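K.L.:
Task: produce atomic coordinates for the following.
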Amino acid sequence: AVPLFLQGSSGCCVHAGCVGPMMTVQFSVCTADAGAFLSCLTVAAPHPLPAGSRSMATVLEAMLGAWELLLLASVALQIAVCACCWRVYRELRLAGLYPLGQVPMSGTAGGDVSIFE
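P.N.:
Below is the predicted model:
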């Protein structure tokens, strides 16, 4: 995704037709990261609570450690990158810049890009 964002719509990613595969890879990474987080939550055993402490912060700290929160932050970052890539892809398709030689979709009747592309 970095070459697309650095070079823009006139870069080699758009001209070589690599934006569609980039979206596929980004969605796959996002799905794998979310799956790893969900499996970590279901498989990982919570840590024992200290005796006599039942505050909400202590319970959350026992259930989610530093690694789980780091994985949660990674999932949030992957979802944000996936959403940004999708917006760029959709605008390239609507403007007729990807794939090359297409007419702009913004003036046509079916002027929205399907999420299943």
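
K.L.:
Low-confidence regions, this protein specifically.
P.N.:
The model of the chain has pLDDT under 70 over residues 1, 106-111.

K.L.:
Could you pick out the longest helix of it?
P.N.:
When the chain is parsed with DSSP state H, its longest helix is helix 66-95.

K.L.:
tell me what that one is packed against?
P.N.:
Packing partners of helix 66-95 (3 or more Cβ pairs under 8 Å, 6 or more residues apart in numbering; DSSP states H and E): helix 2-7, helix 19-43. Backbone N, C-alpha and C define where each C-beta goes, glycine included.

K.L.:
Try it again at 7 Å.
P.N.:
The contact analysis (3 or more Cβ pairs under 7 Å, 6 or more residues apart in numbering; DSSP states H and E) places helix 66-95 against helix 19-43.

K.L.:
Show me which residues of the helix it packs on are buried.
P.N.:
Neighbour counts over helix 19-43 (16 or more other Cβ atoms under 10 Å) mark 19, 22-23, 26, 30, 33, 37 as buried.

K.L.:
so the residue of the chain most remote from its centre, which of the three states?
P.N.:
Most distant residue from the mean C-alpha position of the chain: residue 52, 41.0 Å away (Cα atoms, centre = their mean). Using DSSP: H, G, I helix; E, B strand; the rest coil, the structure places residue 52 in coil.

K.L.:
circling back to that earlier point, could I get the buried residues of helix 19-43 in JSON lines, plus columns for distance to residue 12?
P.N.:
Formatted as JSON lines, the buried residues of helix 19-43 follow (distance: Cβ to Cβ, whole Å):
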{"residue": "19", "distance to residue 12": "11"}
{"residue": "22", "distance to residue 12": "12"}
{"residue": "23", "distance to residue 12": "16"}
{"residue": "26", "distance to residue 12": "18"}
{"residue": "30", "distance to residue 12": "24"}
{"residue": "33", "distance to residue 12": "27"}
{"residue": "37", "distance to residue 12": "34"}
